[in-house]
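Novice: Below are the sequence and a predicted model; questions follow.
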Amino acid sequence: MPTPTPAPTSAGKRQSITLAQLSSYDDILTDVLVDHAYYWTTIPKNRPSYHPSRGVTEEEIAKIIQSHLIVDPDLDAAEAKLLATAGLRRFYNGLKTSKEQDDFRAHLRRYMRIYLPDCPFEVSSTNRYTIYSHEAAITARKYVKKGQSIKYLSGIQVMITAKEDKELAKRKKDFSIVISSRNKCAALFMGPARFANHDCNANARLMITGQAGIEIVATQNIDVGDEITVSYADNYFGEDNCECLCKTCEENVVNVS
């Protein structure tokens with residue numbers, strides 16, 4: 001797989017977010033806002049060295065979520081309260097530039113929005129792909145019409161090198177890596193959209209927005225209770241997805257030894 005060549009930058013152009021930066025943002029935010037809060041177990045972290053923040057307590061986070069995102073939604077107030085917690089305050093103050101702080105707050109809001117009353121999905125779990133352990137999944141809690149962008153099911157992507165791709169593969173973790181149709185390079189995406197699993201007859205698709213944003217658009221009508229799925233790539237699970245364990249492959253009795 002070719003390594004992507006960075007586009008030339010000028011002094012006035014903002015540098016894009018890096019894999020290391022995005023990984024660190026996503027790790028602490030899934031720790032704070034998803035693990036044992038929305039999702040009953042632990043989301044795999046991007047960095048093997050990551051340890052849960054000692055400055056975060058479930059009770060404190062739950063109170064902020066309930067008061068400022070569910071009962072009386074106010075993203076500004078919720079952001080301020082969350083950034084004032086010991087763990088997030090320490091992380092945020094350690095960011096070196098205002099650009100990094102802006103990127104972190106933007107990613108924070110992606111995860112905050114999954115708690116808003118008008119969010120049309122919830123984070124659930126499945127053991128379809130790993131059998132003995134659970135991983136995250138996205139389930140519709142509102143009807144989504146074909147062609148409709150699924151509100152708040154968003155993320156941000158960063159291109160990864162062939163070396164980084166191999167390092168992630170060695171760790172055998174649940175990472176959301178897709179092949180960009182634009183430049184044929186591997187891209188890792190993070191944010192709530194990372195929880196959408198693959199299906200060979202997916203009911204939604206990933207769509208790039210702006211320079212690096214990702215949103216998910218329904219390609220079929222999605223009923224309440226349906227898992228929202230996307231297609232990662234034709235050969236993501238071996239040649240012609242011969243090792244795929246998705247629901248469609250199960251129903252069609254393929255890839256069964």
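Specialist: On my side now, so go ahead. Note that the structure is predicted; figures quoted are calculated from it, not measured. Residues are numbered from 1 along each chain as shown.

Novice: show me where pLDDT drops low in this structure?
Specialist: In the predicted model, the chain carries pLDDT under 70 at residues 1-15, 131, 164-185, 233-243, 253, 255-257.

Novice: can you pull out the strands in it?
Specialist: Counting by DSSP state E, the segments of the chain that form strands are 121-126, 135-140, 149-159, 177-179, 186-190, 197-198, 204-209, 213-218, 229-230.

Novice: How is this structure divided into domains?
Specialist: Using automatic domain parsing, the domain ranges for the chain come out as 19-115, 121-251.

Novice: can you list these in a markdown table and add mean neighbour count?
Specialist: Placement of C-beta: from N, CA and C, glycine included. Listed next are these as a markdown table, based on neighbours: other C-beta atoms under 10 Å:
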| stretch | mean neighbour count |
| --- | --- |
| domain 19-115 | 17 |
| domain 121-251 | 17 |
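
Novice: May I have the beta-bridge partners of the residue nearest to Thr126 when sequence neighbours are not counted?
Specialist: Here the nearest residue to Thr126 in space, its sequence neighbours aside, is Ala137; by C-beta to C-beta, 6 or more residues apart in numbering that works out to 4.4 Å. Beta bridges link Ala137 to Ser124, judged by DSSP bridges.

Novice: so Ala137 makes contact with Ser124?
Specialist: Yes. Under the contact definition of C-beta atoms under 8 Å, Ala137 touches Ser124, with a separation of 5.0 Å.

Novice: which residues do the two both contact?
Specialist: When contacts are counted by C-beta atoms under 8 Å, 6 or more residues apart in numbering, the set common to Ala137 and Ser124 consists of Glu227.
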